[in-house]
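Chemist: task: produce atomic coordinates for the following.
(2 chains)
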Amino acid sequence: MQKAPYTFSFAPGLARLVSFLSLGALALALGAGCKKKAEPSAEGGSPNGAHKQSIQNIGSDTMVNLAQAWAEEYAKVDPAISVEVSGGGSGVGIAALINKTADIANASRKLEPEEEQKAKASTGQTPSEFVVGFDGLAVYVNKSNPIDSISLEELSDIYREGGKLTKWSDLGVKAIPGARSDDIIRVSRQNNSGSYQYFRETVVGKKADFKAGSLDMNGSKDVVEQVAKTPGAIGYSGLGYATPDVKILKVSKTKGQPGVLPSIATVHDKSYPISRPLFMYTPGAPPPAVKKYLDWIMSDAGQKIVEKTGYVPLPK
Amino acid sequence: MDQQAMNLPPAPVAGTRPLSVSTGSPRGPRRSRAAVLGESVLEWVIRLCGISAIFFVFGIFFFVLREGVGFLFGGLNLGEFFFSTEWYPTSLSHVRYGVLALIVGTFSVTGLAMLIAVPFGLGAAIFVSEFCNDRLREGLKIVIELLAAIPSVVWGFIGISVMNPLIQEVFHVPVGLNVLNGALLLALMSVPIMVSIGEDALKAVPDSFREASLAMGATRWQTVRRVLLPAAKNGLLAAILLGVGRAVGETMAVLMATGHAVNIPKSPFDPVRTLTATIAAELGEASVGSPHYQVLFIIGILLFTITFAVNLVADLVVKGTAKG
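Modeler: Numbering: from 1, shown residues only, chains lettered A, B, ... in the order given. So this is what the prediction gives:
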């Protein structure tokens, strides 16, 4: 009882000590935090080998609706497996494959050699590639635009840095009802989306760049919506995103040739010039559950869904 | 007299106390050791919470700097970075990291937003603080706080679906996603901050100022203009600057509403792209550690510096109020 006052006088000193210790601990925790954070990017994430009947399916925004539709349908086929789909882009999916957080990566482009090397270094296996369908990159204009065919050269001149086409009248379009100017309003995608890279490669030019000043949308659907809302606009996006408010243009390889509308038949016979395969990648040879899922995707039942969501199924 | 009577006989009152207390000190019930320790622990936990903010700020700055510093001092052409409008981070033939158009984009949207927001924000602050009755004031404050609580992605959605066609229609312009669209959204988002801080600043002016002014025969408006505004000047300036900080840092709404086009605007109806929106749109797919990724972090450092400068100025201005 007599000592009680001492605890009072001690308290500030003790508390100061405690505070110093806890500050030190916090600093240590922060320090440890940054070290830990630095390494996984090179080594890969936590070892999550134990999947409880769940398949992580990450990647391409172009494919996210399709992947979701597959996952929902497959839940009825095999209720023991749940397929969890998320988007973010082909790059995100491949990064997840490298970090071992994805069982299947969706990509609307081929794996780059550099990425394959990284995946090999991280997982110790060569990634397996599966073609699961096709995508036609359609060229959209506003419904009120009278134009109905365009050539790859013209598209390139519209979108390429240094390209000369900037006015609709240069394309022979006299007046677009509702448009406030003759300017071609270019709608594009952010510079690391799969669609952007694919359009650059096949239309703008392999070594060329996009003209600055295009409206760079953040998703495939946004492109179509923006074209629908802007009478003077032109844009490119997946065939599956077409709505009644926009018009899909026929595309010809060179000026003067008859244009081809993107469709299942024209993608398969390769007469439509802007189409591409859609890929799924697994870290190595797929484990049985994943293999079963991929087999189902490539079966008639799975391919029917490809068609339903507006993409192009594999040839039979 | 009654009180005296109560105080006079202390002994009987003490006698009615429980026995256990009589063994304690004469100063009253003693606190237990656990309570004393508990209180000091709690005090230090709270102190730590306060200090932790400093840690977080420096921690965030450290991480952002660490991700970008390698390229900042090893490879990035700072002349190109600040003075070129060519932003081609993923080009296959010629990679260019010029952010001039993005800086101009950020400041054009913010500047126009402030032109719209400052009169509205300060006007509303003056009205709420000086001219409206108590019931209306409470109602208005609730509504204004509600305005501040709307998530920025919802603002962006309004920008795309409501303002986009509206601007095309009203101003007869070809594109509805432009500087004006973003600025209107940012103005709506920063007005609530200006109103609440501006109102506090006006409230802080002593009532004696108002009373003296009115006693001299000034009207309410003269009182506001000649007495209250000069007296609350610093606080109001701080309110504006915090609004600016909010506008510069806003991401989602401007990403959706400005059209996201790398472009030096020639009019409020041109689409632009801001620094924040560029980070948001591109960081997700830039591969970790690549030059593109690092440049995005350098843009983060630039933004951090801008908002830090704005907040610092706001802070110094507020300090000025305290002194004055």
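Chemist: lowest-confidence helix or strand of chain A?
Modeler: helix A:40-43 (a mean of 33; mean pLDDT, DSSP states H and E).
Chemist: where does the prediction get shaky in chain A?
Modeler: A:1-52 (pLDDT under 70).
Chemist: same thing but at 80, please
Modeler: A:1-52, A:61-62, A:88, A:192-194, A:240, A:309-310, A:316 (pLDDT under 80).
Chemist: helices of that one, start to end?
Modeler: For chain A, the helices defined by DSSP state H occupy A:4-38, A:40-43, A:64-77, A:90-98, A:113-123, A:152-159, A:194-199, A:220-229, A:264-268, A:288-298, A:300-308.
Chemist: just to check, residue A:127 is in contact with residue A:121?
Modeler: No: with contacts defined as Cβ atoms under 8 Å, residue A:127 does not count as touching residue A:121, sitting 11.7 Å away. C-betas here are computed from N, CA, C, even on glycine.
Chemist: chain A contacts on the stretch 151-300 of chain B?
Modeler: Contact residues, the stretch 151-300 of chain B versus chain A (Cβ under 8 Å from any Cβ of the partner chain): B:160, B:164-165, B:168, B:172-177, B:255-256, B:259-263, B:271, B:273, B:281-282, B:284-289, B:292.
Chemist: check chain A for its longest strand and report it.
Modeler: Criterion DSSP state E: the longest strand present in chain A is strand A:128-142.
Chemist: now that one against helix A:288-298, angle please.
Modeler: Comparing the axes of strand A:128-142 and helix A:288-298 via axes from the mean of the first three to the mean of the last three Cα atoms, to 10 degrees yields an angle of 40 degrees.
Chemist: in helices, which of the residues of the stretch 151-300 of chain B next to chain A appear?
Modeler: Per DSSP H, helices hold the following members of these: B:164, B:165, B:168, B:255, B:256, B:281, B:282, B:292.
Chemist: now do residue B:140 against chain A, distance only.
Modeler: 34 Å (Cβ to the nearest Cβ, to the nearest Å).
Chemist: residue A:314 contacts residue A:264, correct?
Modeler: No: taking contacts as Cβ under 8 Å, residue A:314 lies outside contact range of residue A:264: 10.4 Å.
Chemist: what about residue A:127 and residue A:121, which has more around it?
Modeler: Neighbour count, other Cβ atoms under 10 Å in any protein chain shown: between residue A:127 and residue A:121, residue A:127 has more, with 19 against 12.
Chemist: spit out the contact partners of that one.
Modeler: By Cβ atoms under 8 Å, 6 or more residues apart in numbering or on different chains, the residues touching residue A:127 are A:97, A:111, A:116, A:119, A:120, A:281, A:282, A:283, A:284.
Chemist: give me the buried positions along the longest helix along chain B.
Modeler: The longest helix of chain B (DSSP H) is helix B:33-72. By neighbour count on 16 or more other Cβ atoms under 10 Å in any protein chain shown, the buried set for helix B:33-72 is B:40, B:44, B:55, B:59, B:63, B:64, B:67, B:68, B:71, B:72.
Chemist: can the residues you listed go into TSV with extra columns for pLDDT?
Modeler: What follows is the buried residues of helix B:33-72, written out as TSV (pLDDT from 0 to 100):
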residue	pLDDT
B:40	91
B:44	94
B:55	92
B:59	92
B:63	91
B:64	90
B:67	90
B:68	90
B:71	90
B:72	89
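Chemist: pick out the most distant pair among those residues.
Modeler: Within these, B:40 and B:71 form the most distant pair, 47.7 Å apart (Cβ to Cβ).
Chemist: interface residues of the stretch 201-316 of chain A facing chain B?
Modeler: Contact residues (Cβ under 8 Å from any Cβ) of the stretch 201-316 of chain A with chain B: A:206-209, A:212-218, A:225-226, A:229-232.
Chemist: mind listing residues that contact the following helix or strand past the longest helix of chain B?
Modeler: Using DSSP states H and E, the helix or strand that directly follows helix B:33-72 along the chain is helix B:78-83. Under the criterion Cβ under 8 Å, 6+ apart, residues B:86, B:96, B:97, B:98, B:99, B:100, B:103, B:295, B:298 lie in contact with helix B:78-83.
Chemist: need the pLDDT of residue B:242.
Modeler: Residue B:242 carries a pLDDT score of 88 in this model.
Chemist: now swap in residue B:14 and tell me
Modeler: At residue B:14, pLDDT is 44.
Chemist: one more: residue B:108?
Modeler: What the model reports for residue B:108 is a pLDDT of 95.
Chemist: tell me the phi and psi of it?
Modeler: The phi/psi pair for residue B:108 (degrees, to the nearest 10) reads phi -70, psi -40.
Chemist: my read: it touches residue B:272, true?
Modeler: Yes: counting by Cβ under 8 Å, residue B:272 is a contact partner of residue B:108 at 6.1 Å.
Chemist: who touches both of these two?
Modeler: Contacts common to residue B:108 and residue B:272, judged by Cβ under 8 Å, 6+ apart, are B:179, B:265.
Chemist: of those two, which one has the most company?
Modeler: Each of residue B:108 and residue B:272 has its neighbours counted (other Cβ under 10 Å); residue B:272 has more, 28 against 20.
Chemist: tell me the spacing between that one and residue B:166.
Modeler: Counting by Cβ to Cβ, to the nearest Å, the gap from residue B:272 to residue B:166 is 19 Å.
Chemist: just the buried residues of the contacts of residue A:127.
Modeler: In terms of neighbour count (16+ other Cβ under 10 Å), the buried residues within the contacts of residue A:127 are A:97, A:111, A:116, A:119, A:281, A:282, A:283.
Chemist: from what I can see residue B:185 touches residue B:255, true?
Modeler: No: between residue B:185 and residue B:255 no contact is recorded; they are 10.9 Å apart, counting by Cβ under 8 Å.
Chemist: which neighbours do these two share?
Modeler: Common neighbours of residue B:185 and residue B:255 (Cβ under 8 Å, 6+ apart) are residue B:156.
Chemist: show me the shaky parts of the stretch 151-300 of chain B.
Modeler: If you take pLDDT under 80 as the line, the stretch 151-300 of chain B has these spans: B:284-288.
Chemist: if we can go back for a sec, which of the residues of the stretch 201-316 of chain A next to chain B are buried, as a PyMOL select command?
Modeler: One line in PyMOL is enough to select the buried ones among those; burial here means 16+ other Cβ under 10 Å:
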select buried, chain A and resi 208+209+212+213+214+215+216+217+218+225+226+229+230+231+232
